[in-house]
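K.L.:
I would like the atomic coordinates for the input below:
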Amino acid sequence: MAALLAAVSAVAFGVGDFLGGLSARRMAAIATTLVAQLTGLLLLVVIAPIVGGTVAPTDLAYGAAAGLVGAGALMTFYWALSAGQMSVVAPVSAVTSALVPLVFGLIDGERPGVVPLAGALVALPAIVLISREPTDPEGPDETDVPSVSATPSRVIAASVLAGVGFGSFLVLISRSGADSGLWPLTAARAMAIPVIAAAALVTRSWRVERKGLGLALGAGVFDVTANASFLFASRIGLLTLVGVLGSMYPASTVVLARVVLKERLAVHQLTGLGLAVIALIAIAAG
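P.N.:
Predicted structure coming up:
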């Protein structure tokens with residue numbers, strides 16, 4: 001069940017990213033993020049009391065810290081995308097975000113079986129392959145791979161930092177009490193929104209365009225679904241495994257891009273998708 005919830009989380013994260021990306025083509029990315037975050041908070045305010053739970057100050061503190069770290073990671077990620085090659089920034093951030101909960105879980109004493117751990121390790125190159133975009137949309141040349149060494153060191157550092165932030169969000173939110181319901185996520189959103197709103201004001205990117213609003217609202221719904229699924233997965237499964245599965249969200253994003261936008265998938269992306277299926281089966285077998 002934990003693997004299933006983590007997989008649902010990854011799919012929902014990917015769909016949310018896809019919708020958010022479409023929205024960001026129609027209005028400022030920060031405005032899209034702010035709308036999505038507000039949508040998520042409103043949903044959580046309604047759903048959290050229904051789900052119930054007994055929340056302690058520590059749970060809210062973990063949630064607030066996760067929200068602060070997540071907001072900072074998101075803005076750092078956007079900066080890295082604007083300053084460097086997406087085909088380098090995206091995989092570096094994605095695989096780093098998977099490594100953080102994996103390493104933390106092992107340090108914390110988790111010991112998954114050989115097969116699921118192997119699946120988690122297989123997932124790492126899968127994330128890299130899936131999230132690395134083709135260099136030529138008309139027909140990528142697989143020998144023309146963007147070089148990490150050719151990317152400015154500050155962009156690589158920002159990509160790693162964003163990935164650490166995303167992974168830390170997963171770790172922090174997973175530390176909340178098993179009986180705290182969705183309240184830690186509510187605290188996370190409540191903390192993230194002022195940070196993102198301040199960034200929108202500073203950059204004067206708060207204008208919401210009608211043509212991007214619906215997509216941003218959808219992104220918010222799927223993002224909450226992803227967060228909630230991961231939260232419950234982390235409460236019944238090992239963080240070393242569900243953290244890696246939850247970080248495989250680029251898979252659903254690229255599949256949607258292929259189906260909806262008719263974008264062509266490169267050979268390395270198809271290979272990554274195949275590895276992702278193998279990883280999911282191996283982790284679920286544990």
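
K.L.:
Helix, strand or coil: sort out residue 109 for me.
P.N.:
What DSSP: H, G, I helix; E, B strand; the rest coil gives for residue 109 is coil.

K.L.:
Give me the pLDDT for it.
P.N.:
The confidence metric pLDDT takes the value 87 at residue 109.

K.L.:
Could I get the buried residue list for the one helix or strand residue 231 maps to?
P.N.:
Using DSSP states H and E, residue 231 maps to helix 210-236. Going by neighbour count (16 or more other Cβ atoms under 10 Å), the buried part of helix 210-236 is 212-213, 215-235. Bear in mind the C-beta positions are built from the backbone N, C-alpha and C, glycine included.

K.L.:
again with stretch 59-67
P.N.:
In terms of neighbour count (16+ other Cβ under 10 Å), stretch 59-67 has its buried residues at 59-60, 62-67.

K.L.:
Same question for stretch 193-200.
P.N.:
Buried, per 16+ other Cβ under 10 Å, within stretch 193-200: 193, 195-197, 199-200.

K.L.:
Let me see the residues that make contact with that stretch.
P.N.:
Contact with stretch 193-200 is made by 28, 30-31, 33-34, 37-38, 41, 67-68, 71-72, 74-75, 205-206, as judged by Cβ atoms under 8 Å, 6 or more residues apart in numbering.

K.L.:
same check, this time on stretch 223-238
P.N.:
Residues outside stretch 223-238 that contact it (Cβ under 8 Å, 6+ apart): 1-3, 5-6, 8-13, 16, 20, 36, 39-40, 43-44, 105, 110, 112, 116, 170, 173-174, 176, 178, 182, 184-185, 188, 242-243, 245-246, 249.

K.L.:
got it, and stretch 117-133?
P.N.:
The contact list for stretch 117-133 (Cβ under 8 Å, 6+ apart) reads 86-88, 90-91, 94-95, 98-99, 102, 112, 145-146, 240-241, 244-245, 247-248, 250-251, 254, 266, 268-269, 271-273, 275-276, 278-283, 285-286.

K.L.:
One more: stretch 28-42?
P.N.:
Outside stretch 28-42, the residues that touch it by Cβ under 8 Å, 6+ apart are 16, 20, 23-24, 74-75, 78, 186, 189-190, 192-193, 196-197, 199-200, 203, 205-209, 212-213, 215-217, 219-221, 223-224, 227.

K.L.:
show me where pLDDT drops low in this structure?
P.N.:
Residue ranges of the chain with pLDDT under 70: 81-87, 133-151, 285-286.

K.L.:
Do a quick rundown of the helices in it.
P.N.:
Secondary structure of the chain by DSSP state H: the helices cover 2-24, 29-51, 57-83, 86-107, 114-131, 153-174, 183-203, 210-236, 239-246, 250-260, 267-285.

K.L.:
deepest of these, which one?
P.N.:
Greatest average neighbour count among the helices of the chain goes to helix 239-246 (a mean of 29), per mean count of other Cβ atoms under 10 Å.

K.L.:
In terms of secondary structure, what does that one contact?
P.N.:
Under the contact definition 3 or more Cβ pairs under 8 Å, 6 or more residues apart in numbering; DSSP states H and E, helix 239-246 sits against helix 2-24, helix 86-107, helix 114-131, helix 153-174, helix 210-236, helix 267-285.

K.L.:
now those helices in a markdown table, with distance to residue 55?
P.N.:
Below are these laid out as a markdown table (distance: least, Cβ to Cβ, whole Å):
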| stretch | distance to residue 55 |
| --- | --- |
| helix 2-24 | 21 |
| helix 86-107 | 22 |
| helix 114-131 | 30 |
| helix 153-174 | 13 |
| helix 210-236 | 13 |
| helix 267-285 | 30 |
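
K.L.:
Nearest to residue 49, out of the ones you listed?
P.N.:
With Cβ to Cβ as the measure, helix 210-236 is the member of the helices and strands packed on helix 239-246 nearest residue 49 (14.1 Å).

K.L.:
Figure out how far that closest one is from the centre of its chain.
P.N.:
Computed by Cα atoms, centre = their mean, to the nearest Å, the chain-centroid distance of helix 210-236 equals 10 Å.

K.L.:
can I get the buried residues of stretch 193-200 in TSV with distance to residue 258?
P.N.:
Formatted as TSV, these follow (distance: Cβ to Cβ, whole Å):
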residue	distance to residue 258
193	33
195	34
196	30
197	34
199	32
200	32
